[in-house]
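**Q** requesting a structural model of the entry that follows:
(chains A, B and C)
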Amino acid sequence: MTSQATTLPARYYTDAGIFHQELEQLFFQKWICAGRGEQLASPGDYFLCEVGGESVIVTKDSSGTLRAFYNVCRHRGTRICGETHGTFAGRIQCPYHAWTYGLDGKLLGAPHMEDAGFQHGNYPLHSVDVDTWDGHLFLNLSSQKPQSLAMQLADLPEKFAPWQMQELRIYKRIVYNVKANWKLIVINYNECMHCPVLHPLLSRITNYLSGENEIPNSSYIGGSMGFRDNAQTMSMDGAIHREYLPGLSESARKQTLYYTIYPNLFLSLHPDYMMTHTLWPVAPDATRVICEWHFHPSEMNKPDFQAEDAVAFWDRTNREDWGISELSQLGISSRAYVPGPYSPREALPAAFDKLIVEEARKSTVR
Amino acid sequence: MTSQATTLPARYYTDAGIFHQELEQLFFQKWICAGRGEQLASPGDYFLCEVGGESVIVTKDSSGTLRAFYNVCRHRGTRICGETHGTFAGRIQCPYHAWTYGLDGKLLGAPHMEDAGFQHGNYPLHSVDVDTWDGHLFLNLSSQKPQSLAMQLADLPEKFAPWQMQELRIYKRIVYNVKANWKLIVINYNECMHCPVLHPLLSRITNYLSGENEIPNSSYIGGSMGFRDNAQTMSMDGAIHREYLPGLSESARKQTLYYTIYPNLFLSLHPDYMMTHTLWPVAPDATRVICEWHFHPSEMNKPDFQAEDAVAFWDRTNREDWGISELSQLGISSRAYVPGPYSPREALPAAFDKLIVEEARKSTVR
Amino acid sequence: MTSQATTLPARYYTDAGIFHQELEQLFFQKWICAGRGEQLASPGDYFLCEVGGESVIVTKDSSGTLRAFYNVCRHRGTRICGETHGTFAGRIQCPYHAWTYGLDGKLLGAPHMEDAGFQHGNYPLHSVDVDTWDGHLFLNLSSQKPQSLAMQLADLPEKFAPWQMQELRIYKRIVYNVKANWKLIVINYNECMHCPVLHPLLSRITNYLSGENEIPNSSYIGGSMGFRDNAQTMSMDGAIHREYLPGLSESARKQTLYYTIYPNLFLSLHPDYMMTHTLWPVAPDATRVICEWHFHPSEMNKPDFQAEDAVAFWDRTNREDWGISELSQLGISSRAYVPGPYSPREALPAAFDKLIVEEARKSTVR
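**A** Numbers count the residues shown, from 1 in each chain, chains lettered A, B, ... in the order given. Just a heads-up that it's a prediction; the model follows:
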């Protein structure tokens, strides 16, 4: 990365064509993080994943296998489920004409379709690929056989194994609607040069000059950040109010890791908890962000467990980040905007921009 | 109709170009039902009809002739009437510069236009064709001389003469804003295979396997449905709380007729009342539906007349239908949607789709 | 102007392409009135001017020179100021990464940009031309050197010198959001043939047949209007409740002047006060209008000063004008609309339309 690196032209943040191309290439062709396996405790449990205008049913079949389907009946196209989550009683039934599917998506019943020629086997629910990594649940909406999730994740499973993420349980979820392009939220997350100005509370706990970044690759960008002398974790007072996560080395206890796992997962690993953000592009200038806080069950089971210090800390910091991202969106939309220079401390945003441009070049759509 | 019939491609429900083409060919070229003649009791009474972004003044002139005009002043184009209905004091006057028209649309006064060359006769209100059928009021916005309403209606006047619809009077109007393409509402109205799943209340009164459909033609589709043994009409308890409409045969007293009269009128004839729906496309995914309940004045004049049983019954059923139509709109908009198979019990929807495709083929616009 | 003059085709009021072309040619290439110099009393005072989706910072530097800049940081494009007005503490600092600019727009500090090759001098804020006329503040957003404000204003400074506009001070500001094309608001302002119908209150004070218009030119259109015998100014009762503005001739005390100074200023000079409207096109069918009432400080300093009579009078009249302009927008959008004839009393609207058509012809964009 040299000093010549600059921000992207405005059209990457304002053009509807580029937006849809990115949805297609990054959100519909790649594995996207859709939540956590714990959301589907028992067969028939389901939740809906909304991505790029699509609604996907994610469920667990009677054999315990995870399944995902487009939320579209094969009869007349009706959206089958309206509720964001729930439990199927062994069957998925369309509320219009009672076409009924198994939890594996197979069509079991279709009233009045008894005509010669109708084959139930031809009308399963349209399936979506689903897989997991250490408790994180991923979907792939590609119409062609995608590369495996393991291939996409590269060395991440090994890297984060000590955190035993599969063990962790959700404590809190906050959904934010941000009036900014999804890439501005990625860029914001991947540098802390803005922290002294924008995040006074955070800057009392962590020094933005601490830590170091990994060399960017095609699967993720990220790095670490250390604590100031008087702090042990990211919380309102910087003190740690829970046991360390089991299995962490001494050095892992002294830092937070911030990783952007392409295309839509921010993984923030703290000494005592995991925070995740998933990004859901809604429009060139709008993104839904789902932020979750996850803790170890041994802590959550303690009668005096509380974690509002971690939630409140990041909720405030999140809102500061969304606000400035919205101001970025507004300024970049100006006729006066021209790409500006990145500093060496913005190497991760620059690497991300580079990947975005490469993806755009791959496309023959435009 | 064979089992190969399938639903239409998604673009018929989502594409703005197709939507506007349908408005043009079906709503601006054909006669559309705009209400009832009783809405204009005396000369000067008027109401506004909103169709496809247009506002039409419908009124009665001093000779008692029905008249309709675009709500557009010939001077500077101002929308003349803002109120949805009312009574003109013998003249139609623009509130901007007082251009004044007769109830026949002729320009009577135009202040300061006294210049040589200005001919009042050149600036009448733009007229819209108007006609009636048995109390129903129709408009035709075609810029060319349309075929007559009688031609468009074919054998309907004769068929429904026994109901003496002209005699009936409105009791209740409910306006619904439905987030679905207008054609999905037509399709929903024209099959009852969904009734057992979607309409438990209705299914206690009528058996969806009862009745029979007419052979579809280019003017309408429709058919009858009978009552279960313990029911006499469509009401909350299935009991009939009013006298039968005069003139109905024994067989007519034992069924409800459901007709879709192209392009925008649903005519539902019950033993003791008439229900009408008119459809007003607003956007590819939005339709305004005006539902009215009409009764015989001899019943309405009774001191203990009430009809909330019929209103409540259909209001609930309507809302069930709008809800599922909205789910259809959402599912059809999915990238996973492909046309699905119609059963033999969906012959009327299939016939309607066929007509829609034929209309689309006529167009050279696209 | 002959009687053949007609209103413009509908597309001038509904087409997004024409709208943006007008923004480009009239609002971004010409000087637009952005407010009053008194809004920037001291160095560092600023206000934001929003025009065509752009946000411009208007401020006064330490030497007392007026300055204007696009509200866009040169680093990553962030909108720097969110507050509509305020005071800079000697510097303009971006809230994201603390890039800091002088009040003259020069980049003073850019953290972590110390790399070889980075030249602060290359990254000033993008400047916007600013100038004043007799207390009115104008901006020019053209990327090329524009003609001077004095050239654009032609003989206006001399013509209105007696009113000593620079001396006047704002008393009241009301912002209106009007659902009509900006040109319909111009046209409405420039004829009073609608006054007898639309403005009964105003018509008690002024006779729309009084006064006379100037010959239109490329800088402005306008004219005068006299008072009825029992009236002295535009106020709720027609009486004058303040001293005449100093320096006015006998004849100037007996009339109101109404001028549209292209492209966006309405200047309404009364015997005892000045009213200004500035127009801010938002969409083909939407305009923000800022209306201000300005009085002489010698009157405003009187303990019993009040001016609600003038504010209430024009606020009511304004709302009547916005209402009819919105009805015009609706009617012109009809498929039935065709250009209609202007009367001789609509010579100023016709002249304005002519200028609009000439500007459209200049464009090679479309």
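
**Q** need the phi and psi values for residue A:327.
**A** Residue A:327 adopts backbone torsions of phi -70, psi -30, taken as degrees, to the nearest 10.

**Q** give me every residue that touches it.
**A** By CB atoms under 8 Å, 6 or more residues apart in numbering or on different chains, the contact list for residue A:327 reads C:78-80, C:82, C:95-96. In this view, the C-beta of every residue, glycine as well, is placed from N, C-alpha and C.

**Q** now tabulate those in CSV and tack on neighbour count and secondary structure.
**A** Below are these laid out as CSV (neighbours: other CB atoms under 10 Å in any protein chain shown; DSSP: H, G, I helix; E, B strand; the rest coil):
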residue, neighbour count, secondary structure
C:78, 27, coil
C:79, 26, coil
C:80, 24, coil
C:82, 14, coil
C:95, 19, coil
C:96, 23, coil
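
**Q** just say helix, strand or coil for residue A:315.
**A** With DSSP: H, G, I helix; E, B strand; the rest coil as the basis, residue A:315 sits in helix.

**Q** wait, doesn't it sit right on residue A:175?
**A** No. Applying CB atoms under 8 Å, one finds residue A:315 not in contact with residue A:175, separated by 11.6 Å.

**Q** shared neighbours, those two?
**A** residue A:291.

**Q** stretch A:177-190: how far from the chain's middle?
**A** Distance, stretch centre to chain centre, for stretch A:177-190: 12 Å (CA atoms, centre = their mean, to the nearest Å).

**Q** quick one: the residue nearest to the spatial centre of chain A from residue B:240, how far?
**A** What sits nearest the mean C-alpha location of chain A, by CA atoms, centre = their mean, is residue A:278, with 2.4 Å. According to CB to CB, to the nearest Å, residue A:278 stands 57 Å off from residue B:240.

**Q** the residue nearest to the centre of chain A - that's part of a strand, no?
**A** Yes. Residue A:278 forms part of a strand when assessed by three-state DSSP.

**Q** so who does it touch?
**A** A:32-35, A:264-266, A:289-290.

**Q** what about 6 Å?
**A** A:33, A:264-265, A:290 (CB atoms under 6 Å, 6 or more residues apart in numbering or on different chains).

**Q** can you give me phi and psi for the closest residue to it other than its chain neighbours?
**A** In this structure, residue A:278 finds its nearest non-sequential neighbour in residue A:290, 4.9 Å apart by CB to CB, 6 or more residues apart in numbering or on different chains. Main-chain dihedrals, residue A:290, degrees, to the nearest 10: phi -110, psi 120.

**Q** thought residue A:290 was touching residue A:175?
**A** Yes. Between residue A:290 and residue A:175 there is a contact at 5.3 Å, judged by CB atoms under 6 Å.

**Q** who's more crowded, the two?
**A** Legend: neighbour count by other CB atoms under 10 Å in any protein chain shown for residue A:290 and residue A:175, higher for residue A:290 (17 against 11).

**Q** got the CA coordinates for stretch A:26-46 in CSV?
**A** Output of stretch A:26-46 as CSV, limited to C-alpha atoms (Å, rounded to 0.1, in the frame of the first residue of the first chain):
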residue,chain,number,x,y,z
LEU,A,26,-20.9,-10.7,-3.2
PHE,A,27,-24.1,-11.5,-1.4
PHE,A,28,-25.7,-14.0,-3.8
GLN,A,29,-22.6,-15.8,-5.0
LYS,A,30,-20.6,-16.0,-1.8
TRP,A,31,-21.4,-17.5,1.6
ILE,A,32,-23.0,-14.9,3.8
CYS,A,33,-23.3,-15.1,7.6
ALA,A,34,-27.0,-15.4,8.5
GLY,A,35,-26.9,-15.9,12.2
ARG,A,36,-26.0,-18.6,14.7
GLY,A,37,-26.8,-22.3,14.8
GLU,A,38,-28.2,-22.0,18.3
GLN,A,39,-31.2,-20.2,16.7
LEU,A,40,-32.4,-23.6,15.5
ALA,A,41,-32.4,-25.7,18.7
SER,A,42,-34.8,-28.4,17.6
PRO,A,43,-36.2,-29.9,14.3
GLY,A,44,-38.8,-27.6,12.9
ASP,A,45,-37.4,-24.4,14.4
TYR,A,46,-36.9,-21.8,11.8
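
**Q** do that stretch and chain B meet at all?
**A** No. Shown here: stretch A:26-46 not in contact with chain B (CB under 6 Å from any CB of the partner chain), separated by at least 7.8 Å.

**Q** doesn't residue A:127 make contact with residue A:141?
**A** No. Counting by CB under 6 Å, residue A:141 stays clear of residue A:127, with 10.1 Å between them.

**Q** sorry, back to before: out of the contacts of residue A:327, who's nearest chain A?
**A** residue C:79 (3.9 Å; CB to the nearest CB).

**Q** if we can go back for a sec, most neighbours among the contacts of residue A:278, please name it.
**A** residue A:264 (25 neighbours).

**Q** thinking again about what came up before, across the sheet, point out what pairs with the residue nearest to the centre of chain A.
**A** Using DSSP bridges, the bridge partners assigned to residue A:278 are residue A:265, residue A:290.

**Q** residues of chain A that sit close to chain C?
**A** A:3, A:7, A:193-194, A:197, A:324, A:327-328, A:330-332, A:334, A:336-337, A:340, A:343, A:345.

**Q** and the two most separated of the contacts of residue A:327?
**A** Farthest-apart pair in the contacts of residue A:327 is C:82 and C:96; separation 11.8 Å (CB to CB).

**Q** about what we covered before: in ChimeraX, how would I select just the buried ones from the residues of chain A next to chain C?
**A** A single ChimeraX command selects the buried members of these (16 or more other CB atoms under 10 Å in any protein chain shown):
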select /A:7,193,194,197,324,327,328,330,331,332,334,336,337,340,343,345
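
**Q** so of the residues of chain A next to chain C, which ones are in strands?
**A** Using DSSP state E, no member of the residues of chain A next to chain C sits in strands.

**Q** circling back to that earlier point, neighbour count: residue A:141 and residue A:127, which is higher?
**A** residue A:141 (24 against 14).

**Q** low-confidence ranges in chain A?
**A** A:1-3, A:364-366 (pLDDT under 70).

**Q** at 90 what do you get?
**A** A:1-4, A:114-117, A:211, A:362-366 (pLDDT under 90).

**Q** so which bits of it are right by chain B?
**A** Counting by CB under 6 Å from any CB, the residues of chain A near chain B are A:54, A:70, A:72, A:74-79, A:96-98, A:112-113, A:115, A:117, A:126.

**Q** got a list of what residue A:27 touches?
**A** Residue A:27 neighbours (CB under 6 Å, 6+ apart): A:51-52.

**Q** which residue ranges of chain A form helices?
**A** Using DSSP state H, the helices assigned to chain A run over residues A:11-14, A:16-22, A:149-153, A:156-159, A:182-189, A:195-198, A:200-203, A:297-300, A:308-332, A:347-362.

**Q** okay, angle between the fifth one and helix A:308-332 too, please.
**A** Spelled out, that is helix A:182-189. Going by axes from the mean of the first three to the mean of the last three CA atoms, to 10 degrees, helix A:182-189 is angled at 120 degrees with respect to helix A:308-332.

**Q** wait, residue A:99 touches residue A:75, no?
**A** Yes. Contact status for residue A:99 versus residue A:75: in contact at 4.8 Å, counting by CB under 6 Å.

**Q** tell me how chain A divides into domains.
**A** A:31-145, A:154-362 (automatic domain parsing).

**Q** a markdown table please, covering the ones you listed and showing distance to residue C:309.
**A** As requested, the domains of chain A are exported to a markdown table (distance: least, CB to CB, whole Å):
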| stretch | distance to residue C:309 |
| --- | --- |
| domain A:31-145 | 55 |
| domain A:154-362 | 40 |
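
**Q** from residue C:280, how far off is the residue in the stretch 51-200 of chain A positioned nearest to chain C?
**A** Among the residues of the stretch 51-200 of chain A, residue A:197 lies closest to chain C, at 4.6 Å counting by CB to the nearest CB. Separation of residue A:197 from residue C:280 (CB to CB): 32 Å.
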